[in-house]
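Asker: Fold the following and give me the result.
(2 chains)
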Amino acid sequence: MKNKFIHIAFPGLLLALLGLAAAAPHLGEVFTLKYPESWPQPVYDFQKNPLTKEGVALGRKLFYDPILSRDSTISCSSCHLSYTAFTHVDHALSHGIHDSIGTRNSPALVNLAWSWSFMWDGAVNHLDVQALAPITHPAEMGEDLAHVVEKLQATESYPNLFAGVYGDEKITGERLLKALAQFQLTLVSCNSKYDQVMRGEPGIEFSEQEKRGYELFKLNCASCHAEPLFTNGEFYHTGLPMDSLLQDEGRFNLTLDERDWRAFKVPSLRNIEFSYPYMHDGRFKKLYQVLNHYTTIRPGVSNLPYYKFAKGGISLDERGKVDVIAFLLTLTDREFLFNPEFAFPKE
Amino acid sequence: MRFSLLFLILLSAALSPKAQDLVLRIHPRVQGQELELGKETEGFQVETLRFYLGKISLWKGNKMVFQEDNYHLIDAEKPASLEISLNVPTNRAFDHLQFELGVDSLTNVSGAMGGDLDPTLGMYWAWNSGYINFKLEGRSPASPARDHAFEFHLGGYLPPFATVQTVRLPCKTSPRIHLRVDLDQFVTGLDLSKQARVMSPGAEAVELSQKAAQIFSCEE
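Answerer: Numbering: from 1, shown residues only, chains lettered A, B, ... in the order given. Reported below is the predicted structural model:
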């Protein structure tokens, strides 16, 4: 089984050369990221931010530390809980400091090294800079990055931890963001029942129902929720009626291109059992509601030629829907959900 | 290994031609006078001026004689940022200065950066990734906004709204280049009663970035 995984690691010499070239030399012990060799190459450029055990540990501490928010009440984990696939379970829209409510459902954090854009509208173009958005948003953490850096620099513990990763105690925006990215890059989910079946692990098989569901999934869903990551990373208008209060125009706000009007990102379906509620605004609590939406879209709901379901939704009968859901539950990866390495760091 | 690397570095330093520091001095101005932040001149006052100046190169005709690849954050509040030292080999004649006003698209998609590009410096958009290339804030009675404020945060790298501008200026060979930035040209060229606030990528940001690129000149 071991040889079926790719190990991303940097030999000492390469690391030393990179350290010479970059402004911030990376010290510490190399952290090896494991993922199946059948997967595509990660999008993330690890050479610019080589993973180390110290860097990942620092990122993890930061991820769980409310010091990142203005009034020290909200941490990244407030809306991205490890036990629920790193999303805000039960909350349709995420809430931040002073119980402010945002406008979108917090996305699950999984397999981020393979993602080329972030947020529901793809407004963030790199994992390193993703954390800036929640840190600075008034309804989330309401902070200023320069002030976070100041606060961290004044603590007892952080300067020393940064020194362990970057060689000196100076905390900068770049170092803070790269450390947060290091931890998030380790959130790889690749050991669900689906993965084990695909790897042909002995004694692991789909049930008859899961098999039928998988076939239906490949026929109806996989063009967008492409294996093995269960997303193609693209953006579509999927015929959801506009929420009259939120009036969210999706990716259009970013590109000002009418083809992106009300388009949102295709989310990964990994650990979907635990990442409810669903859709960009969390309007559906149950998977069957999502399938009901996709099976009842009628042609003509939109005149837009690039509208994803111009020819109508997908067709599944009631039994088919139950089968597809049975398959989707095989994407639950308990090793990922209950990985002690991802949980709150006990010091 | 370490020794031979050191040796190589020393060798290459010894063999390279002698270099001098050419100083590029930036002069933000209003009506030909050095900019004073917060002082009203010509019916407006400037409170913030910051912009990225990058990929500086010197040209003799069609031939590039010097090139730098990094970005400098120019900030009217920080005198040290108004002077850039360029390590130009001696006896390099040039007749043109070229630079980019703003940050190129590759840098915009390369994740967290340090130095002058660190996202703590107030020149990075958190909710629509990308650098602000040019930031000008101030007040003018012509602005209908609260406190008669005007705010221009020009940036955006995605086509068709890419805002980075290449500026090429005639510039005589000299150990000290004086680069003028005539802000009154930019402000008086706008109708502040209609356009006092541009803070996101789009057609307006592109148009204003092109205007901003016109206000630079080398002092003869």
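Asker: ok, so what distance separates the residue most central in space within chain B from residue B:116?
Answerer: Here the mean C-alpha position of chain B is nearest to the C-alpha of residue B:53 (Cα atoms, centre = their mean), at a distance of 2.8 Å. Residue B:53 sits 10 Å away from residue B:116 when distances are taken as Cβ to Cβ, to the nearest Å. Yep, even glycine has a C-beta here, placed from its N, CA and C like the rest.
Asker: Next: residue B:206.
Answerer: 23 Å.
Asker: Residue numbers of chain B in contact with chain A?
Answerer: B:108-115, B:118-122, B:124, B:126-130, B:158, B:161, B:202 (Cβ under 8 Å from any Cβ of the partner chain).
Asker: about what we covered before: direction included, what does the one helix or strand the residue nearest to the centre of chain B maps to pair against?
Answerer: Assigning secondary structure by DSSP states H and E places residue B:53 in strand B:45-60. Strand B:45-60 pairs in its sheet with strand B:63-67 (antiparallel), strand B:71-75 (antiparallel), strand B:96-101 (antiparallel), strand B:130-139 (antiparallel), by DSSP bridges.
Asker: With only the CA atoms kept, save it in PDB.
Answerer: Extracted in PDB, the C-alpha atoms of strand B:45-60 (Å, rounded to 0.1, in the frame of the first residue of the first chain):
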ATOM      1  CA  GLN B  45      -5.300  67.900  -1.200                       C
ATOM      2  CA  VAL B  46      -3.600  64.500  -1.100                       C
ATOM      3  CA  GLU B  47      -3.600  62.300   2.000                       C
ATOM      4  CA  THR B  48      -2.300  59.100   0.600                       C
ATOM      5  CA  LEU B  49      -0.100  58.300  -2.400                       C
ATOM      6  CA  ARG B  50       1.200  54.800  -2.800                       C
ATOM      7  CA  PHE B  51       2.100  52.900  -5.900                       C
ATOM      8  CA  TYR B  52       4.200  50.000  -7.200                       C
ATOM      9  CA  LEU B  53       7.100  50.700  -9.500                       C
ATOM     10  CA  GLY B  54       8.700  47.600 -10.800                       C
ATOM     11  CA  LYS B  55      10.800  45.900 -13.500                       C
ATOM     12  CA  ILE B  56      12.900  49.100 -13.900                       C
ATOM     13  CA  SER B  57      15.000  49.000 -17.100                       C
ATOM     14  CA  LEU B  58      17.300  51.400 -18.900                       C
ATOM     15  CA  TRP B  59      17.500  51.600 -22.700                       C
ATOM     16  CA  LYS B  60      19.900  52.900 -25.300                       C
END
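Asker: what's the average pLDDT for it?
Answerer: For strand B:45-60, mean pLDDT rounds to 97.
Asker: Can you list the buried residues in that strand?
Answerer: Under the neighbour-count criterion of 16 or more other Cβ atoms under 10 Å in any protein chain shown, strand B:45-60 has B:45-46, B:48-59 buried.
Asker: Give the full set of residues in contact with the residue nearest to the centre of chain B.
Answerer: By Cβ atoms under 8 Å, 6 or more residues apart in numbering or on different chains, the contact set of residue B:53 is B:26, B:71, B:72, B:74, B:84, B:99, B:100, B:101.
Asker: same question, residue A:70
Answerer: Per Cβ under 8 Å, 6+ apart, neighbours of residue A:70: A:97, A:141, A:142, A:143.
Asker: neighbour-wise, which of those residues leads?
Answerer: residue A:141 (28 neighbours; other Cβ atoms under 10 Å in any protein chain shown).
Asker: Pull up the gap between that residue and chain B, please.
Answerer: Distance of residue A:141 to chain B, given as Cβ to the nearest Cβ, to the nearest Å: 11 Å.
Asker: Would you mind measuring from that residue to residue A:37?
Answerer: Computed as Cβ to Cβ, the residue A:141 to residue A:37 distance reads 38 Å.
Asker: cool, and residue A:73?
Answerer: Applying Cβ to Cβ to residue A:73 and residue A:37 gives a distance of 43 Å.
Asker: neighbour-wise, which of these two wins?
Answerer: Ranked by neighbour count (other Cβ under 10 Å), residue A:73 and residue A:37 place residue A:73 first, with 14 against 10.
Asker: check contacts around the more buried one.
Answerer: By Cβ under 8 Å, 6+ apart, residue A:73 lies in contact with A:66, A:97.
Asker: what are the phi and psi values for it?
Answerer: Taking degrees, to the nearest 10, you get phi -110, psi -20 for the backbone angles of residue A:73.
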